[in-house]
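[1] how would this look folded up:
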Amino acid sequence: MAQVLNNLFGGGKPTPDHVAAPAGDSDFGDFVEGAEPAPAPITPVSHTLGGVPPAQTLRPYTKWYNVHERYTWSDFQVEGAILLAFAVVLIVHLIGARLNRNKAKKWSRAHAAPLASEFALVGFSGVPSSTSGKSGDELVQALNDINVAKGELLAKEKSLFEFATYATGRANVAFLDVKLTLKKRFNPLTALFENVFAFFFESFGDSADVMEAILYPFDGREAQIVPGPPGSSELRKDGKTSYDGFVWAIVHKERMKQVREDRYDVSLTYTKDHPKLPSWLTVMSESAEITDLLLTPELINAATAAGDDFEYLIVSDQPLEKPTTIEETTPRKRIFLKYRLPSSNDYSNLLPVFTYFLRITDQLVSSAKFRPEVLRKVKSVRDDAIRQIQKAAEDEKAEERKLAQEKAKKAKRDAELKALDAKAQKKYLEKEREKEMKKATKRQTTRA
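    Now for the predicted structure:
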């Protein structure tokens, strides 16, 4: 009876089917021989056949290339803004670059005639092959026609805001360099920052379209710069192109301060107003005799006609930067012209001063021979500058010698101290300290 109860309440162990019941339990044979009931199978519920399917919350699956079904234009707002900004920057850049190129071309077209009339070769294209076999006046006329025909192609683009041209082949002139520096119209942000800084800081200078030309005279070195056939040097003896060295300038008063600060050569001059000049122009010279020679009526009229666009015309034989060595004080004669490009691209008022600039070497070679008293005064200024450089060099060498002596003395002291034992080192340091105290006391006594 206990076994029956255990089986009913899970207390007994199940008896396998193949194990026979014990002999004494025949009354319960039916229970032993019966098979265990099998669990009922679980059938999954499917909603695909019959019934109402669940509500759809996502977009239906489509092919991967059906982008228009998976995205809308509102998903690309950030990308659209970036592309729009890029397009605006690109358009402004292209327009600004084109404006600068057009301005350089208009300058070239306006100045092609005076350059062609004064120089045999203008631009970077070299000597044209069409002139081979020609000589004399025929060659001169052919070169002039070719240079004039170049027109707006004279200026070569070095960058989006810098253009340059070159000319050579003229009496008394080795070569001419011209540089156009234009506003950065292709980058409005940079131009804006430059204008803001120029407004608050004078050292930045205001942003403007400017032309800078540098004329390099032969100064008696034709044989070295332009070597000719054997025996030609004898023919050049009477045609020397040297003249006395000096610094002289005619400057717009609004640019005078900056020019004096930026250029060492002009700092050697003194400024004086001239009664023949308009009130907005002044003369910077080393001698009144030099001014009387160079300030001609033609120059006065040309500078006056240029107006506020004119900045300066400088005749110099000194470096732009303050020399720091004796070699840098070697005279090197050059002539500088700078003016602003008019916004209207009308150069009729600037061409007279530009043409005078191209021809000024003829006047210098023929007339710039001054009295010994004038040259002595000019030379004294240069000698003072050389003496200052020599004194600075000697002071620098003395300082170097002093540092070398102190270094050698310290090395000797360290070697002596290292060779002593601890007791001797202590005694050595105490003796050294006493010497320093005596020196300090002596200094205080001397000052009192």
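[2] from here on, just use CA atoms for contacts and neighbour counts.
    OK.
[3] residues contacting T131?
    With C-alpha atoms under 8 Å, 6 or more residues apart in numbering as the criterion, the residues that contact T131 are L139, A142, L143.
[4] show me the residues you listed that map onto strands.
    For the contacts of T131, not one is inside strands, with DSSP state E as the criterion.
[5] among those, which are located in helices?
    Taking DSSP state H, the ones among these that sit in helices are L139, A142, L143.
[6] ok, the last one - how many residues close by?
    When you say that, I think you mean L143. When neighbours are defined as other C-alpha atoms under 10 Å, L143 has 22 of them.
[7] pLDDT value on the spatially closest residue to it that is not a sequence neighbour, please?
    In space, L143 comes closest to A120 once its chain neighbours are excluded; the distance is 5.9 Å by C-alpha to C-alpha, 6 or more residues apart in numbering. The model reports A120 with a pLDDT of 87.
[8] hmm, G169 and A120 touching each other?
    Yes - A120 is within contact range of G169, at 4.7 Å (criterion: C-alpha atoms under 8 Å).
[9] may I ask which helix or strand encompasses P278?
    For P278, there is no enclosing helix or strand under DSSP states H and E.
[10] give me the pLDDT value at the residue lying closest to it once chain neighbours are set aside.
    The spatial neighbour of P278 that comes closest, neighbours along the chain excluded (C-alpha to C-alpha, 6+ apart), is T304 at 7.0 Å. According to the prediction, T304 has pLDDT 95.
[11] what's whichever strand or helix holds T304 in contact with?
    In this structure, T304 sits in helix 297-306 according to DSSP H and E. For helix 297-306, the external contacting residues (C-alpha under 8 Å, 6+ apart) are K276, L277, P278, F310, N349, L350, P352, V353, Y356.
[12] what about the fifth one, how many residues close to it?
    A total of 17 residues lie near N349 under the criterion other C-alpha under 10 Å.
[13] and if you look at the second one?
    The number of residues packed near L277 is 18, by other C-alpha under 10 Å.
[14] is T282 in a bridge, and if so with what?
    Beta-bridge pairing of T282 under DSSP bridges involves V251.
[15] and it, what is it in contact with?
    Going by C-alpha under 8 Å, 6+ apart, T282 touches I250, V251, H252, K253, T271, K272, D273, H274.
[16] got a list of what the closest residue to M284 other than its chain neighbours touches?
    Closest residue to M284 in three dimensions, ignoring its sequence neighbours and counting by C-alpha to C-alpha, 6+ apart: T271, at 4.5 Å. Shown in contact with T271 (C-alpha under 8 Å, 6+ apart): T282, V283, M284, S285.
[17] picking up where we left off before, of the contacts of helix 297-306, which is the most crowded?
    For the contacts of helix 297-306, neighbours were counted using other C-alpha under 10 Å, and F310 has the most, 26 neighbours in all.
[18] now do the phi/psi pair for it.
    Phi and psi for F310, reported as degrees, to the nearest 10, are phi -70, psi 130.
[19] and D177, by the same measure?
    Here D177 shows phi and psi, under degrees, to the nearest 10, equal to phi -110, psi 130.
[20] what's the local residue count around it?
    D177 sits with 16 neighbouring residues when counted by other C-alpha under 10 Å.
[21] surely it and L215 touch.
    Yes - with contacts counted by C-alpha under 8 Å, D177 reaches L215, the gap being 6.6 Å.
[22] low-confidence ranges, the stretch 151-300 of the chain, go.
    Residues of the stretch 151-300 of the chain meeting the criterion pLDDT under 70: 202-205, 227-239.
[23] show me where it has helices.
    Chain-ordered helices for the stretch 151-300 of the chain, with DSSP state H, counting those that start in this stretch as the definition, fall at 188-200, 222-225, 232-235, 253-262, 288-294, 297-306.
[24] for the longest one, buried residues please.
    Right, the one you point to is helix 188-200. When neighbours are counted by 16 or more other C-alpha atoms under 10 Å, the buried residues of helix 188-200 are found to be E194, N195.
[25] that helix packs against which elements?
    Judged by 3 or more C-alpha pairs under 8 Å, 6 or more residues apart in numbering; DSSP states H and E, helix 188-200 is in contact with no other helix or strand.
[26] can you rerun that using 10 Å?
    Helices and strands touching helix 188-200, as assessed by 3 or more C-alpha pairs under 10 Å, 6 or more residues apart in numbering; DSSP states H and E, comprise helix 77-118.
[27] between helix 188-200 and the helix it packs on, find me the angle.
    Put simply, helix 77-118 runs at 70 degrees to helix 188-200, going by axes from the mean of the first three to the mean of the last three C-alpha atoms, to 10 degrees.
[28] and after helix 77-118, which helix or strand comes next?
    Heading C-terminal from helix 77-118 (DSSP H and E), you reach strand 121-122.
[29] distance from that next one to the middle of the chain?
    The gap between where strand 121-122 is centred and where its chain is centred comes out at 29 Å by C-alpha atoms, centre = their mean, to the nearest Å.
[30] cool, stretch 120-128 as well?
    Relative to the chain's own centre, stretch 120-128 is displaced by 29 Å; criterion: C-alpha atoms, centre = their mean.
[31] 45 is where my numbering starts, stick with that
    In the new count, where the first residue is 45, that last one comes out as stretch 164-172.
[32] now it: buried residues?
    Burial within stretch 164-172, assessed by neighbour count using 16+ other C-alpha under 10 Å, is assigned to A164, L165, V166, G167.
[33] what of stretch 135-155?
    136-137, 140-141, 143-145, 147-155.
[34] then stretch 318-336?
    Within stretch 318-336, the residues that count as buried by 16+ other C-alpha under 10 Å are L321, L325, T326, V327, M328, S329, E330, S331, I334, T335.
[35] out of those, which one sits closest to L226?
    Top of the list for closeness to L226, among the buried residues of stretch 318-336 and by C-alpha to C-alpha, is L325 at 24.4 Å.
[36] burial count for the closest residue to the closest one other than its chain neighbours?
    Leaving aside its sequence neighbours, L325 sits nearest to H296 (C-alpha to C-alpha, 6+ apart; 4.7 Å). By other C-alpha under 10 Å, the residues close to H296 number 24.
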